[in-house]
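Trainee: dropping a prediction and its sequence here:
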Amino acid sequence: MHDYLSGDGSVIVGDSSSTNGGEAFRWTQATGMIGLGDLSGGVFSSVAFGVSADGSVVVGRGFSSSGEEAFRWTQGTGMVGLGDLSGGRFESRAFGVSADGSVVVGLGSSASSANNSEAFIWNSTLGMRSLKEVLTNDYGLNLTGWTLSDATAISADGLTIVGTGINPSGQTEAWIARLEAQNNQSVPEPSSILGLGLFSVVGFLIKKRS
């Protein structure tokens with residue numbers, strides 16, 4: 001069972017057993033535990049992995065007719081699948097969401113990841129995109145040799161993303177991408193990505209191309 005809290009602790013999300021099977025839930029003191037359902041077409045199984053600061057947006061994974069799929073839930077829309085990256089086996093999960101619920105991060109599968117997991121970033125305008133491709137192609141970061149396996153969390157302002165990956169030496173390593181707010185940019189420009197290492201903050205800095 002997974003449980004996650006809104007910024008003030010008034011909303012809890014996670015997963016529990018229901019008559020349908022394992023089901024994502026949202027809890028408040030006023031409503032109690034409310035099941036969020038699942039995506040349509042697949043086996044019934046959903047999990048909530050993250051919640052926005054005010055508790056209004058929940059993210060996680062469900063099962064659709066395509067397979068395991070990341071979702072974003074609000075009271076108004078219900079559970080909406082976010083799709084997957086292109087070309088891989090269909091599998092995606094959403095782990096983190098910005099404070100206002102507009103940016104979601106997680107993992108997906110693409111052709112370039114050779115059916116292994118790959119970090120994604122999503123917003124309503126541009127949909128789901130490979131985070132490595134965004135950092136490399138849109139903003140000029142040199143990530144040669146890096147595999148960004150997942151993005152596990154995003155800061156409240158959407159400007160810092162963390163996750164795990166494989167560094168150019170072939171070792172599993174935590175990473176952090178710090179972003180700069182830019183006017184008229186749907187995804188802020190990255191200023192750096194720092195390898196944290198498994199147990200320390202010692203690593204190397206890949207700076208933005210000037």
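Mentor: Perfect, thanks for sending it. Numbering: from 1, shown residues only.
Trainee: helix, strand, or coil at residue 132?
Mentor: The three-state label given to residue 132 by DSSP: H, G, I helix; E, B strand; the rest coil is helix.
Trainee: that one contacts residue 117, correct?
Mentor: No. If you go by C-beta atoms under 8 Å, residue 132 and residue 117 don't touch, sitting 11.8 Å apart. All C-beta spots, glycine's among them, are computed from the backbone N, C-alpha and C.
Trainee: tell me how far the closest residue to residue 65 other than its chain neighbours lies from residue 59.
Mentor: Leaving aside its sequence neighbours, residue 65 sits nearest to residue 41 (C-beta to C-beta, 6 or more residues apart in numbering; 2.8 Å). Distance of residue 41 to residue 59, computed by C-beta to C-beta, to the nearest Å: 20 Å.
Trainee: more neighbours: these two, which one.
Mentor: Legend: neighbour count by other C-beta atoms under 10 Å for residue 41 and residue 59, higher for residue 59 (27 against 13).
Trainee: that one belongs to a strand?
Mentor: Yes. With three-state DSSP as the criterion, residue 59 is part of a strand.
Trainee: run through the residues that contact it.
Mentor: Residue 59 sits next to 48-51, 70-73, 94-97, 104, 106 when contact means C-beta atoms under 8 Å, 6 or more residues apart in numbering.
Trainee: now stretch 111-129, how far from the centre of its chain.
Mentor: 9 Å (C-alpha atoms, centre = their mean, to the nearest Å).
Trainee: look up which residues are beta-bridged to the residue nearest to residue 65.
Mentor: residue 64 (DSSP bridges).
Trainee: right, and it touches residue 68 too?
Mentor: No. Using C-beta under 8 Å, residue 41 is not in contact with residue 68; the gap is 12.0 Å.
Trainee: domains of the protein?
Mentor: 1-81, 100-210 (automatic domain parsing).
Trainee: as TSV, the ones you listed with distance to residue 87 would be great.
Mentor: As requested, the domains of the chain are exported to TSV (distance: least, C-beta to C-beta, whole Å):
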stretch	distance to residue 87
domain 1-81	13
domain 100-210	3
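Trainee: go through those domains and find the least confident stretch.
Mentor: Of all the domains of the chain, domain 100-210 carries the lowest average pLDDT, namely a mean of 76.
Trainee: considering the contacts of residue 59, which is situated nearest to residue 6?
Mentor: residue 51 (5.3 Å; C-beta to C-beta).
Trainee: does that closest one touch residue 4 like I think?
Mentor: Yes. Between residue 51 and residue 4 a contact is recorded at 5.4 Å, counting by C-beta under 8 Å.
Trainee: which residues do these two both contact?
Mentor: Contact criterion C-beta under 8 Å, 6+ apart; residues shared by residue 51 and residue 4: residue 13.
Trainee: and these two? Which one has more around it.
Mentor: The residue with more neighbours, out of residue 51 and residue 4, is residue 51; 25 against 17, by other C-beta under 10 Å.
Trainee: list the buried residues in stretch 14-22.
Mentor: Buried residues in stretch 14-22, defined by neighbour count with 16 or more other C-beta atoms under 10 Å: 14-16, 18.
Trainee: what's the answer for stretch 62-77, then?
Mentor: Neighbour-count burial for stretch 62-77 flags 62-64, 67-73 (criterion: 16+ other C-beta under 10 Å).
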